[in-house]
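Visitor: Test case, fold it:
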Amino acid sequence: MPIENIQKFVLVLLYGSLVLQSFTLLANPMNVNKKANFAFGIFMFLWSGYWILDILQICGLSASYHFIFLVRFLQIFTPLFLFFSVVFFINPNYYFKKRDLICLVVPFIYLVLLLNADENKLLNTITLLIAVAHNLPYVAIIYYKIRKHQKRIETISSDTESINLQWLIKLSLLLFATIIITVCYELFNAFIYKMHQNLVMDLLFLFIVYSTFYHVLRQKEIYPVSKVQLEDLLSIETESEEKTEKKKLIPDEDFEDLKEKLLTLIDSQKPYLEGDLNLLKLSELIGISTHQLSYLLNNGFGENFFQFINKYRIAHAKKLLISDTYYKMSVLGIAFESGFNSKTAFNTMFKKTMGITPSEFRKNQKEAGSTEKDNLHGFSNKSF
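Guide: Residues are numbered from 1 along each chain as shown. Below is the predicted model:
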């Protein structure tokens, strides 16, 4: 099969996938992350516009000047919808503000230049550069926002693996890499050698599209709570020690009593064994607000909620890993028994705490036990 036909097939598959996936997200059959999935669906639909002219050419159809102009203009909004989908993932209660209008400045400049770029090669080149460069600051802002989100959710959740939006970090980095590659490719075409095949780039985009769709469909609600509870959780930010010391949420005379009450609750009821435990649930158990509990953990234990709860989970898992009763249980089973929701999260947290994986820890303990038994056996033989 000629490489031209393979490329045409990949282009049709790429464009069709983006359009189909965008409508799937807009329909939102799972009824989760409504605002975020809507914005992400528009992002994927606009993203498909980068290949629509190639598809028309493959079909033997010609595009009018006005259609090409509309496609080029709409493409400038692609990173905006990706950005706002991230905003809505992080904060489903987000409402547009006047300051968000700054996002329309570049599209307005782009529109003015595009209207005058028809017969002007310089303006046409500038519009192409703007269309590419416009993506870069949004990629950087998305990366920053998600990193900030990942730190914040550790203050309210004991399991962050499914809500840390790490897949969006990977997407932003992949988009950044493909933008750089695309620019280099176009410069190579313009000044060195004109290449007519984009198969490798199209295959790369196809991989990004399918991997992105896989993750966005699996993304569950980050805050499956009521609107009032959500606002309460979102208001809890990671603060420096100086700020928390200045703003005392718990009177000094009650501080030590609450610490003791929390430790007693942890030891007696073992709430850390619940996989969906969050700051809200633990605060209800101890009878204080989420802000007060966060303050208590930060100032009384020097830890955030995620660190505090998973410390107990790891300690519990260590007991099970060396227990004769659980020696036949798999590492995954130990993870679930200890309050973790996946083997990956368990392995990551265990290695971060202990420096080795759970399997290595269990193996080392068995070898140490065998060595001790051999030593005792040898000693008893010598005594006779």
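Visitor: How about W51: what's its closest non-neighbour residue?
Guide: Y15 (4.5 Å; C-beta to C-beta, 6 or more residues apart in numbering). All C-beta spots, glycine's among them, are computed from the backbone N, C-alpha and C.
Visitor: That neighbour against I52, yeah?
Guide: Yes - in this structure Y15 lies within contact range of I52 using C-beta atoms under 8 Å: 6.6 Å.
Visitor: which of the two has more neighbours?
Guide: Y15 (21 against 17; other C-beta atoms under 10 Å).
Visitor: Let me see the contact set for the more buried one.
Guide: The contact partners of Y15, by C-beta atoms under 8 Å, 6 or more residues apart in numbering, come to S48, W51, I52, D54, I55.
Visitor: host element of it?
Guide: Here Y15, judged by DSSP states H and E, is contained in helix 3-27.
Visitor: Just the mean pLDDT for that helix, thanks.
Guide: Helix 3-27 comes out with an average pLDDT of 92.
Visitor: now the very next helix or strand once past it and helix 3-27, what's the angle there?
Guide: Later in the chain than helix 3-27, the nearest helix or strand by DSSP H and E is helix 34-48. Angle of helix 34-48 versus helix 3-27, following axes from the mean of the first three to the mean of the last three C-alpha atoms, to 10 degrees, is 160 degrees.
Visitor: Can you list the neighbours in contact with helix 34-48?
Guide: 15, 18-19, 21-26, 28, 74-75, 77-78, 81-82, 84-86, 88-89, 92, 94, 209, 213, 216.
Visitor: Stretch 210-218 now?
Guide: Taking C-beta under 8 Å, 6+ apart as the rule, stretch 210-218 contacts S17, Q21, T24, L25, M30, N37, F40, M44, W167, L171.
Visitor: need the contact list for the fourth one.
Guide: Same thing as L25. N37, F38, F40, G41, M44, V216.
Visitor: SS state for the closest residue to the third one other than its chain neighbours?
Guide: Among residues not flanking F40 along the chain, S85 sits closest, at 3.9 Å (C-beta to C-beta, 6+ apart). Assigned with DSSP: H, G, I helix; E, B strand; the rest coil, S85 falls in the helix class.
Visitor: how many neighbours does Q307 have?
Guide: Neighbour tally, Q307, other C-beta under 10 Å: 16.
Visitor: Please point out which parts of the helix or strand it falls within sit buried.
Guide: Using DSSP H and E, Q307 maps to helix 305-321. The neighbour-count check on helix 305-321 (16 or more other C-beta atoms under 10 Å) flags 305-310, 312-314, 316-318, 320-321 as buried.
Visitor: Tell me the helices and strands packed up against it.
Guide: When contacts are defined as 3 or more C-beta pairs under 8 Å, 6 or more residues apart in numbering; DSSP states H and E, helix 305-321 packs onto helix 279-286, helix 290-300, helix 331-337, helix 343-354, helix 358-383.
Visitor: Export the ones you listed to CSV and append columns for mean neighbour count, mean pLDDT and distance to H66.
Guide: Converted to CSV, the helices and strands packed on helix 305-321 look like this (neighbours: other C-beta atoms under 10 Å; pLDDT from 0 to 100; distance: least, C-beta to C-beta, whole Å):
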stretch, mean neighbour count, mean pLDDT, distance to H66
helix 279-286, 18, 94, 53
helix 290-300, 20, 93, 54
helix 331-337, 18, 95, 58
helix 343-354, 17, 94, 51
helix 358-383, 12, 67, 62
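Visitor: okay, the ones you listed in TSV with distance to I236 next?
Guide: Shown next, in TSV, are those (distance: least, C-beta to C-beta, whole Å):
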stretch	distance to I236
helix 279-286	7
helix 290-300	5
helix 331-337	27
helix 343-354	22
helix 358-383	31
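Visitor: so which of those comes closest to D254?
Guide: Taking C-beta to C-beta, helix 290-300 is the member of the helices and strands packed on helix 305-321 nearest to D254, at 9.5 Å.
Visitor: and the angle for that closest one with helix 279-286?
Guide: Using the same axes, to 10 degrees: helix 290-300 against helix 279-286 is 90 degrees.
Visitor: Could you measure from the residue sitting nearest the centre point of the chain over to L282?
Guide: Residue closest to the average C-alpha location in the chain (C-alpha atoms, centre = their mean): L165, at 1.2 Å. Separation of L165 from L282 (C-beta to C-beta, to the nearest Å) stands at 23 Å.
Visitor: show me where pLDDT drops low in the chain?
Guide: 1, 186-197, 237-246, 369-384 (pLDDT under 70).
Visitor: Check the gap between the nearest residue to A36 once chain neighbours are set aside and V32 for me.
Guide: Residue nearest to A36 in three dimensions, not counting chain neighbours: F88, with 3.8 Å by C-beta to C-beta, 6+ apart. Note on F88: its distance to V32, by C-beta to C-beta, is 12 Å.
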